[in-house]
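Novice: The following comprises the amino acid sequence and a computationally predicted model.
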Amino acid sequence: MEETNEKLVKLTIDGIETEARKGETILQVAERLHIDIPTLCHYRFVKPYGACRICSVEVTIRGKSRFVPACSYQVRDGIEVQTRSEEVIQHRKMLLELMMARHSQVEVVRKLAHEYGVDTTRFEEMPSEGCILCGLCVRVCSEVVGANALTFVKRGTDRYVSTPFEGKADTCIACGACAYVCPTNYIKVEDIRDRKYVFSELSLGPTTPIHIPFAAAIPGIPVIDSHACIHMQTGECGICSKVCEPDAINYEMQDTFEEVDVGSIILATGYKTFDPARAEQYGYGRFDNVITSLEFEHLSHASGPTGGAFVKADGSEPKSVAILHCIGSRDKNYNEYCSRVCCMYSLKIAHLIREKVPDADIYELYIDMRCPGSGYEEFYNRLLEEGVHFIRGKGVEVSQMPTLATTTPAASNSKLYVKCEDTLLGMPRELPVDMVILSVGLEPAEDAEEVARIFKINAKGDGFFMERHPKLAPVDTLSDGIFIAGCAQGPKDIPDSVAQGAAAAAAAVSLIDAGEVALEPITSVVDEDVCTGCKTCLVVCPYGAITRDEEKGVAVINDALCKACGCCVAACPSGAISQRGFDDTQIEAELAALLMS
Amino acid sequence: MADTTTTEKSAEHTAEKVVPFEPKIIGFLCWWCTYAASDMAGTSRLKYPPNVSIIRVMCSSRVDPSFIMRAFAEGADGVLIGGCHLGECHYVSGNYKTAARIALLKKTFSQLGVEDDRLRLEWISAGEIRKFAEVITDMTEKVRKLGPLNWRENFEPK
């Protein structure tokens, strides 16, 4: 519109004089003027098709009038358009009556027909299954997605939509675009995978390929998931770039790697939660109402999928909830250690449930309650007063049917049964509950092993990073200048992580503040009188600290580069190299002393 | 310690008063991993036989094969070398050199007639304290079964 050299045409719609660009359709012009024209087969991102004809309008050119589909008819200079004349209404009524003969059960057709006063049809009824043959799915699949996984089959009254050869379409990328555009909801995407999620921590439901990672993300700008984005998969679609007015979508953006020179490094690479699907007995992934503690956090959050309402998978409010402690922790089958945070967050979960569903029965199934910390024991006591049931005994199994003969099946068959041994009563119990929350433990981050290898630090037996000394150097590692903090070092709660983070930062700063680095005093030295200059040591030194003085014909060790492994000492065939503090004679004396008795 | 006391007591009760053979094993341990594991095993109160006397080295590649020869010559019944897992050496590649040296040395010893179990190379990271205790226990038992080496009597020319 702003470009002056573009040809504009003049036309009137329902008596309103307006201008339009050449090539625009009547529907586009009408939309701009907020004139409502009904459509069934129109979608702004696919080419007009004119299948339903419901958008028909009356166009008068030079005194002659005729009906044209508004979605595909391009405006011409001097035309007069009537979108609501008597004739147009009559025309649409007839079309709707014809449609009612086949699609009277389709809501969108019935509603539109009702608007036009058409509730019955005079034609022979041949009820369809719900597809109105608008072709949107076929066109979206080929034009937008580029997959061409859908097509029309047969002709005339036998026409229907299907995949090539009516089988599983190989080109289908399961994007769900066809189901999204289908005006009658005839096409449905079935979730055939076990579990479907985009982010493991947000597994309650799928999200779109373009999204803001999470509610409080910084920066709060949307990102595109390249694995799910249709444009990045097939090169088609690109709808987001078409609708984005500031033109901010960039498909070409790539991950970049940046190298930074630093003096010290703090590894705070965190943890991952235990995947309860590994413990099949708890039914995670099999039963909808078995969720993890992290999923509960997501669910109960005010910006979560339910706006903070605590509901079951079917949307109803759970009246009884079991919280199972120590899932993946304190268990020889998974992790032997205690994850330290689960007791307290399980109490918090119980407290939140009590707030949201005041009359719910809440069960905490625990091995031991471990509440050391400022105000923690007091919180536990508060929960006891809030009427939460504490059962000392680990939950062992979640099933849909009672397994103990003593359990009376609940009236509702949507209950889950949690089996446990109540060690205070001294008997097995089975609790019928609406929902089960698994308090999953903490595990080393997925890539902890690789990180440890890159930074040449050690991991403990449980996989968490090892400190130089558990008491005297809790944030240092065996590699100088590398510090560890938080759950990367072992499971710990937020106050402990913050304290350790501050300690690691202080340790790193003190190293920078000193301005100089103390070198290993135990470097290797060459006895030039003995050295034959054979270069054996040059080959074994991993740091390239040894060079050969060509004039003297002897090896020279650079003290600043030598890291004191002593490999060259053992390799030297003439015994010319010795290591300060680990001299051959010193080690031999040590040997002799040890073997004297 | 409790074990030794009981064996001592039972030895006192037996008429022959034979002192049971206690193998002497020298352990050359890398400071960054196996030595740290031994330290940690101590703080964790893990129990293992007291037969291994430890010599700390900066890297297992510092262990000159002559040290091992000398250890056997001076009365050791076994020698343990402890280093970092391959690929995890604090000094990039020291443990590969150790692996090569020990392999050659084992060949030499087998030609001399020294049993294979008397020289052992183990990769034990600082966190593997259980493995450390197991290796020490296992090696002590194996060497105990083999009996004293008696290098001076058996291998040195008279």
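Specialist: Here it is on my side, so go on.

Novice: so where is the stretch 101-250 of chain A shaky, pLDDT-wise?
Specialist: Scanning the stretch 101-250 of chain A for pLDDT under 70 picks out A:189-207, A:215.

Novice: Go again with 80.
Specialist: A:166-176, A:188-208, A:211-216, A:228, A:233-234, A:236 (pLDDT under 80).

Novice: what are the ranges of the helices in it?
Specialist: A:107-115, A:136-139, A:177-181, A:230-234, A:239-243 (DSSP state H, counting those that start in this stretch).

Novice: try chain B
Specialist: Per DSSP state H, chain B carries helices over the ranges B:2-13, B:34-43, B:65-73, B:94-112, B:129-146, B:151-154.

Novice: Any chance of a markdown table for these, columns distance to residue A:232, mean neighbour count and mean pLDDT?
Specialist: C-betas here are computed from N, CA, C, even on glycine. Converted to a markdown table, those look like this (distance: least, C-beta to C-beta, whole Å; neighbours: other C-beta atoms under 10 Å in any protein chain shown; pLDDT from 0 to 100):
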| stretch | distance to residue A:232 | mean neighbour count | mean pLDDT |
| --- | --- | --- | --- |
| helix B:2-13 | 66 | 10 | 50 |
| helix B:34-43 | 47 | 21 | 92 |
| helix B:65-73 | 58 | 19 | 93 |
| helix B:94-112 | 43 | 17 | 94 |
| helix B:129-146 | 46 | 19 | 95 |
| helix B:151-154 | 70 | 12 | 85 |
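
Novice: export the ones you listed to TSV and tack on distance to residue A:94?
Specialist: Below are the helices of chain B laid out as TSV (distance: least, C-beta to C-beta, whole Å):
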stretch	distance to residue A:94
helix B:2-13	103
helix B:34-43	88
helix B:65-73	102
helix B:94-112	87
helix B:129-146	85
helix B:151-154	112
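
Novice: Distance from the chain centre to stretch A:227-245, please.
Specialist: The chain centre lies 19 Å from the centre of stretch A:227-245; the measure is C-alpha atoms, centre = their mean, to the nearest Å.

Novice: Likewise for stretch A:318-329?
Specialist: With C-alpha atoms, centre = their mean as the basis, stretch A:318-329 stands 23 Å off its chain's centre.

Novice: Would you mark the buried spots in that stretch?
Specialist: Neighbour counts over stretch A:318-329 (16 or more other C-beta atoms under 10 Å in any protein chain shown) mark A:318, A:320, A:321, A:322, A:323, A:324, A:325, A:326, A:327, A:328, A:329 as buried.

Novice: Which ones among those lie within strands?
Specialist: Counting by DSSP state E, these place A:320, A:321, A:322, A:323, A:324, A:325, A:326, A:327 in strands.

Novice: which among those residues gets closest to residue A:84?
Specialist: Minimum distance to residue A:84 across those is 56.7 Å, recorded for residue A:321 (C-beta to C-beta).

Novice: Tell me the residues of chain A that contact chain B?
Specialist: Within chain A, the residues that sit near chain B (C-beta under 8 Å from any C-beta of the partner chain) are A:452-453, A:456, A:458-462, A:466, A:470, A:478-479, A:522, A:540, A:542-543, A:563-567, A:569-571, A:579, A:582, A:584, A:587-588, A:590-592, A:594-595.

Novice: Near chain A, which residues of chain B are found?
Specialist: B:24, B:26, B:32-33, B:36, B:43, B:53, B:55, B:57-59, B:61-67, B:70-71, B:74-76, B:87-88, B:90-94, B:97, B:101, B:125-130.

Novice: In strands, which of the residues of chain A next to chain B appear?
Specialist: Judged by DSSP E, strands contain the following of the residues of chain A next to chain B: residue A:579.

Novice: Got a PyMOL select line for the buried ones in the residues of chain A next to chain B?
Specialist: Those of those that count as buried under 16+ other C-beta under 10 Å are selected in PyMOL with:
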select buried, chain A and resi 452+456+458+459+460+461+466+478+479+522+540+542+563+564+565+566+567+569+570+571+579+582+584+587+588+590+591+594+595
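
Novice: ok now do the residue nearest the centre of chain B, which residues does it touch?
Specialist: Here the mean C-alpha position of chain B is nearest to the C-alpha of residue B:80 (C-alpha atoms, centre = their mean), at a distance of 3.0 Å. Going by C-beta atoms under 8 Å, 6 or more residues apart in numbering or on different chains, residue B:80 touches B:25, B:26, B:27, B:28, B:29, B:52, B:120, B:122, B:135, B:136, B:139.

Novice: What segments of the stretch 251-400 of chain A are helices?
Specialist: For the stretch 251-400 of chain A, helices defined by DSSP H, counting those that start in this stretch occupy the ranges A:293-300, A:342-356, A:376-385.

Novice: what's the spacing between the residue nearest to residue A:157 when sequence neighbours are not counted and residue A:381?
Specialist: Using C-beta to C-beta, 6 or more residues apart in numbering or on different chains and skipping the chain neighbours, the partner closest in space to residue A:157 is residue A:126 (7.3 Å). Separation of residue A:126 from residue A:381 (C-beta to C-beta, to the nearest Å): 71 Å.

Novice: State whether residue A:293 and residue A:442 are indeed in contact, as I suppose.
Specialist: No - contact criterion C-beta atoms under 8 Å: residue A:293 and residue A:442 do not qualify, at 11.0 Å.

Novice: Now residue A:273: closest residue in space that isn't a chain neighbour?
Specialist: Leaving aside its chain neighbours, residue A:273 sits nearest to residue A:440 (4.6 Å; criterion: C-beta to C-beta, 6+ apart).

Novice: Show me what that neighbour bridges to in the sheet.
Specialist: Applying DSSP bridges to residue A:440 yields these beta-bridge partners: residue A:327.

Novice: What about the closest residue to residue A:69 other than its chain neighbours, how many residues nearby?
Specialist: Counting by C-beta to C-beta, 6+ apart, residue A:69 lies nearest to residue A:50, which is 4.3 Å off, once chain neighbours are set aside. When counting by other C-beta atoms under 10 Å in any protein chain shown, one arrives at 16 neighbours for residue A:50.

Novice: what does residue A:502 give?
Specialist: 12.

Novice: So which elements touch the helix or strand containing it?
Specialist: Residue A:502 belongs to helix A:494-514 when assigned by DSSP states H and E. Applying 3 or more C-beta pairs under 8 Å, 6 or more residues apart in numbering or on different chains; DSSP states H and E, we find helix A:494-514 packed against strand A:265-267, strand A:482-484.

Novice: before we move on, the earlier item: Serialize the helices of the stretch 251-400 of chain A to CSV and add fields for mean pLDDT.
Specialist: Formatted as CSV, the helices of the stretch 251-400 of chain A follow (pLDDT from 0 to 100):
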stretch, mean pLDDT
helix A:293-300, 90
helix A:342-356, 95
helix A:376-385, 95
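
Novice: Taking the ones in strands among the buried residues of stretch A:318-329, tell me the two that lie furthest apart.
Specialist: The largest separation in these, counting by C-beta to C-beta, is between A:320 and A:326 at 20.6 Å.

Novice: what's the burial count for the residue in chain B positioned nearest to chain A?
Specialist: Minimum separation of chain B from chain A (C-beta to the nearest C-beta) falls at residue B:62, amounting to 3.2 Å. By the criterion of other C-beta under 10 Å, residue B:62 has 28 neighbours.

Novice: Likewise for residue A:34?
Specialist: For residue A:34, the count of nearby residues is 6 (other C-beta under 10 Å).

Novice: cool, the one 5 residues further on as well?
Specialist: Number of residues near residue A:39 (other C-beta under 10 Å) recorded here: 18.
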